[in-house]
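[1] Compute the structure for the input listed below.
(one chain, ligands or ions: 1)
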Amino acid sequence: MNGPGADARGRHTENCMHEDGTTEAGSLRSLALGARDAAYAPYSGFRVGACLEAADGRYFVGCNVENASYPVTMCAERVALGAAVAAGARQFRRIFLCTDADAPVAPCGMCRQALAELSPELEVESESGSGDRASWKLSDLLPERFALLRPVSGSVRGDTR
Ligand SMILES: [Zn+2]
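    Below you'll find the predicted structure:
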């Protein structure tokens, strides 16, 4: 439904049918699709896959993991972020999201804050179930993120920034 260019909400959009699958985003997309297919979403039926690209070129995937106690549910973006941080990655270039939704979906507010902690300028790409895409800069999605002036001493041990 979105053609190339930008829609009324300022999102930069493109349709993946224009892609030949060999673009830079190709493998990010396929990993995100695989994660989406693995999502555990028996309650909402809303499956999300994410692939987070670290600054060092590594990819980390996540999917949503729902729970009978609904607030326990984890979003795909934060599952990918946790895997990345556990592997030592602290800076990220972009994240690719795939859902079954009718239109590309942006990360929820909690995930925006979580991702902005380490990479406020992250590129966010999202693909709908029909292949429509939208992209944003995280700082546009969350222009006034919450940030402490200075992390508490010791909390950044191992930080490679
Ligand atoms: Zn989320």
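[2] Tell me where the protein has strands.
    5-6, 12-15, 48-54, 59-63, 92-99, 123-127, 132-137 (DSSP state E).
[3] Tell me which of those sits most buried.
    Ranked by mean neighbour count, the strands of the chain are led by strand 48-54 with a mean of 27 (mean count of other C-beta atoms under 10 Å). Using the backbone N, CA and C atoms, a C-beta is placed for each residue, glycine as well.
[4] Does the ion have contacts with it?
    No: judged by C-beta under 5 Å from the ion, strand 48-54 and the ion are separated, with a smallest distance of 8.1 Å.
[5] among the strands of the chain, which gets the worst mean confidence?
    For these, the bottom mean pLDDT is recorded on strand 12-15, which sits at a mean of 41.
[6] surely residue 27 meets residue 59?
    Yes: using C-beta atoms under 8 Å, residue 27 is in contact with residue 59, at 7.2 Å.
[7] Look up how far residue 73 lies from residue 81.
    Going from residue 81 to residue 73 by C-beta to C-beta, to the nearest Å gives 15 Å.
[8] Also residue 139?
    For residue 139 relative to residue 73 (C-beta to C-beta), the value is 26 Å.
[9] count of neighbours near residue 90?
    Using other C-beta atoms under 10 Å, the number of residues around residue 90 comes to 17.
[10] Would you mind measuring the gap between the ends of stretch 103-110?
    Stretch 103-110 has an end-to-end distance of 20 Å (criterion: C-alpha to C-alpha, to the nearest Å).
[11] Identify the residues contacting it?
    Residues outside stretch 103-110 that contact it (C-beta atoms under 8 Å, 6 or more residues apart in numbering): 1-2, 11, 13, 48, 75, 77-78, 95, 97, 99, 115, 124, 126-128, 132-134, 136, 141-142.
[12] just checking, what's the longest helix in this protein?
    When the chain is parsed with DSSP state H, its longest helix is helix 25-38.
[13] pLDDT averaged over that one, what's the number?
    Helix 25-38 shows a mean pLDDT of 92.
[14] Contact residues of this protein facing the ion?
    Checking the chain against the ion by C-beta under 5 Å from the ion, the hits are 75, 108, 111.
[15] Neighbours of the closest residue to residue 40 other than its chain neighbours, how many?
    Leaving aside its chain neighbours, residue 40 sits nearest to residue 65 (5.0 Å; criterion: C-beta to C-beta, 6 or more residues apart in numbering). Close neighbours of residue 65, defined as other C-beta under 10 Å, add up to 16.
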